[in-house]
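Undergrad: predicted coordinates and the sequence they were generated for:
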Amino acid sequence: MDRKLLELLVCPVTKTNLIYDEKNKELVSIAARLAYPIRQGIPIMLCDEARPMTDGDLERLTPPR
């Protein structure tokens with residue numbers, strides 16, 4: 001994922017920054033609890049295409065406090 005592109009993209013629901021989940025090839029919005037897929041290198045930023053995140057998904061992506 002291009003870092004410059006990641007800096008420009010925000011969640012379409014919450015307008016917050018996204019996290020790149022390299023393992024699942026997704027852009028994650030922690031605030032919206034949604035994961036947007038990346039297909040053939042293109043982020044699909046549609047709410048209908050996003051996957052709801054589980055608590056386990058979020059724990060894996062956020063650092064411990």
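TA: Done, it's in.
Undergrad: what pLDDT is listed against the residue most central in space within the chain?
TA: The centroid of the chain falls nearest to residue 28 when counting by C-alpha atoms, centre = their mean (1.6 Å). Note on residue 28: pLDDT of 95.
Undergrad: tell me the SS of it?
TA: Of the three states, residue 28 takes strand under DSSP: H, G, I helix; E, B strand; the rest coil.
Undergrad: give the contact list for it.
TA: Listed by C-beta atoms under 8 Å, 6 or more residues apart in numbering, the contact partners of residue 28 are 18-21, 34-36, 53, 57, 61. In this view, the C-beta of every residue, glycine as well, is placed from N, C-alpha and C.
Undergrad: what do you get for residue 31?
TA: For residue 31, the contacting residues are 11, 13-14, 16, by C-beta under 8 Å, 6+ apart.
Undergrad: go with 6 Å
TA: 14, 16 (C-beta atoms under 6 Å, 6 or more residues apart in numbering).
Undergrad: could you export the strand ranked longest in the chain as CSV, CA atoms only?
TA: The strand that spans the most residues within the chain, counting by DSSP state E, is strand 34-39. Extracted in CSV, the C-alpha atoms of strand 34-39 (Å, rounded to 0.1, in the frame of the first residue of the first chain):
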residue,chain,number,x,y,z
LEU,A,34,-15.1,-1.4,9.4
ALA,A,35,-12.5,-3.0,7.1
TYR,A,36,-12.4,-1.8,3.5
PRO,A,37,-11.0,-4.3,1.0
ILE,A,38,-8.1,-3.7,-1.4
ARG,A,39,-8.6,-5.5,-4.7
